[in-house]
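In: sequence and predicted structure below; questions after.
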Amino acid sequence: MYSAIAANKRNTIIIIALFVGLIGGLAYWWGSVSGNGSSAFLIIGFVLVYALIQYWFAAYFAVAMSGAIEIQKSDNPRLWRTVENIAISQGMPMPKVYIIEDPAPNAFATGRDPKHAIVAATTGLLAIMDDQELEGVMAHEMGHVKNYDIRVSTIVFGLVSAIGVLADFAIRMAFFSGGRRDSRDNNLGAILILIGIVGWIVAALIGPIVTAAVSRQREYLADATGAEITRYPDGLASALKKLGEYGRPMRRASSSMAHMYIADPVKPGLVERVFSTHPPIPKRIERLRNMGSKY
């Protein structure tokens with residue numbers, strides 16, 4: 001378990017290095033074709049500041065995107081006490097607890113670290129899960145917090161967004177340049193459009209590949225951590241079975257934060273799709289059932 005936490009911290013550094021290198025390459029290309037080499041440094045500085053802002057505030061962006069509302073113990077004692085009991089048993093800080101008004105059962109965790117963690121559950125999850133299943137789901141989410149998965153997810157979310165912003169900026173600059181009569185500006189506009197397209201391809205393909213590479217094993221690890229916390233793997237296995245059977249997307253599902261949820265909120269039925277950030281639910285259930293035989 002401790003080696004997995006250390007691996008997550010190493011993954012954070014590797015992911016940052018890869019994305020910064022990629023952004024640096026796009027910025028250098030931009031500076032070369034525009035004839036203004038110093039613009040590359042300005043672009044890199046902008047993207048790094050943007051990514052840093054995302055790192056510090058991505059949890060709140062995720063909450064806003066999902067429509068989650070923060071609660072206190074009196075608002076939903078069942079969910080609050082479930083999370084509180086897990087936090088106490090693991091010696092972890094109590095995270096902020098949110099509820100999402102959505103009939104689709106799901107849950108996610110986000111934040112920079114255990115001291116700044118957020119866990120959220122949908123009203124649909126609370127409606128269909130019994131107490132043991134709810135405990136299994138929230139133990140899974142607290143497992144993400146304990147294993148620092150939330151830090152990796154937050155950084156991936158921020159850097160992929162930064163590349164998307166860079167691509168959008170390039171395309172807007174291209175249209176601005178294209179409105180002039182100077183042939184050099186027109187050529188620059190065409191190149192900026194190409195840079196923008198490359199940026200969007202990177203954001204659409206490289207981001208999901210990196211996310212999937214990290215997320216699938218992190219989901220298995222969070223399942224194992226959740227089973228270790230509750231000492232009852234069958235509770236989470238039963239919850240996953242219900243999640244797999246529901247099969248309808250969330251109302252405010254966002255593909256950019258799909259990797260944060262316990263089950264794919266966009267295409268929950270296609271558990272074996274290419275680039276999926278989640279392992280197939282049947283395989284997760286099988287692993288948990290095998291763990292259950294050992295307790």
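Out: On my side now, so go ahead. Numbering: from 1, shown residues only.
In: the stretch 51-200 of the chain: strands as residue ranges?
Out: Listed from the start of the chain, the stretch 51-200 of the chain has strands (DSSP state E, counting those that start in this stretch) covering 69-70, 96-100, 107-111, 117-122.
In: for H140, find the nearest of these.
Out: Judged by Cβ to Cβ, the one of the strands of the stretch 51-200 of the chain that comes nearest to H140 is strand 107-111, at 7.8 Å. C-beta: built from backbone N, CA, C; applies to glycine.
In: so what touches that closest one?
Out: Outside of strand 107-111, the residues within contact range by Cβ atoms under 8 Å, 6 or more residues apart in numbering are 58-59, 62-63, 66, 95, 117-122, 125, 137-138, 140-142, 144-145, 149-151, 153-154, 257, 260-262.
In: mind running it again at 6 Å?
Out: By Cβ atoms under 6 Å, 6 or more residues apart in numbering, the residues outside strand 107-111 that reach it are 59, 62, 117-121, 125, 137, 141, 144-145, 150, 260-262.
In: go on, stretch 85-97?
Out: For stretch 85-97, the external contacting residues (Cβ under 6 Å, 6+ apart) are 70-71, 80, 83, 114-115, 117-119, 139, 142.
In: buried residues in that stretch?
Out: Burial within stretch 85-97, assessed by neighbour count using 16 or more other Cβ atoms under 10 Å, is assigned to 86-87, 90, 92, 95-97.
In: any weak-confidence spans in the stretch 101-250 of the chain?
Out: Counting by pLDDT under 70, the stretch 101-250 of the chain contains low-confidence residues at 156-163, 166, 169-192, 195-196, 199-214.
In: which parts of it are helices?
Out: If you assign secondary structure with DSSP state H, counting those that start in this stretch, the helices in the stretch 101-250 of the chain sit at 123-128, 131-146, 149-178, 183-201, 207-230, 233-246.
In: for S32, which of the strands of the stretch 51-200 of the chain is the nearest?
Out: Distance to S32, taken as Cβ to Cβ, is lowest for strand 107-111 among these, at 37.6 Å.
In: now the angle between helix 233-246 and the closest one, please.
Out: Using axes from the mean of the first three to the mean of the last three Cα atoms, to 10 degrees, one finds that strand 107-111 and helix 233-246 are set 110 degrees apart in direction.
In: if we can go back for a sec, with pLDDT and distance to G244 as added columns, please give the buried residues of stretch 85-97 in a markdown table.
Out: Rendered in a markdown table, the data for the buried residues of stretch 85-97 read as follows (pLDDT from 0 to 100; distance: Cβ to Cβ, whole Å):
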| residue | pLDDT | distance to G244 |
| --- | --- | --- |
| I86 | 97 | 23 |
| A87 | 97 | 28 |
| Q90 | 95 | 27 |
| M92 | 96 | 28 |
| P95 | 96 | 26 |
| K96 | 97 | 28 |
| V97 | 98 | 25 |
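In: want to throw those into JSON lines with distance to V20?
Out: JSON lines is the format used below for the buried residues of stretch 85-97 (distance: Cβ to Cβ, whole Å):
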{"residue": "I86", "distance to V20": "35"}
{"residue": "A87", "distance to V20": "34"}
{"residue": "Q90", "distance to V20": "34"}
{"residue": "M92", "distance to V20": "31"}
{"residue": "P95", "distance to V20": "29"}
{"residue": "K96", "distance to V20": "30"}
{"residue": "V97", "distance to V20": "34"}
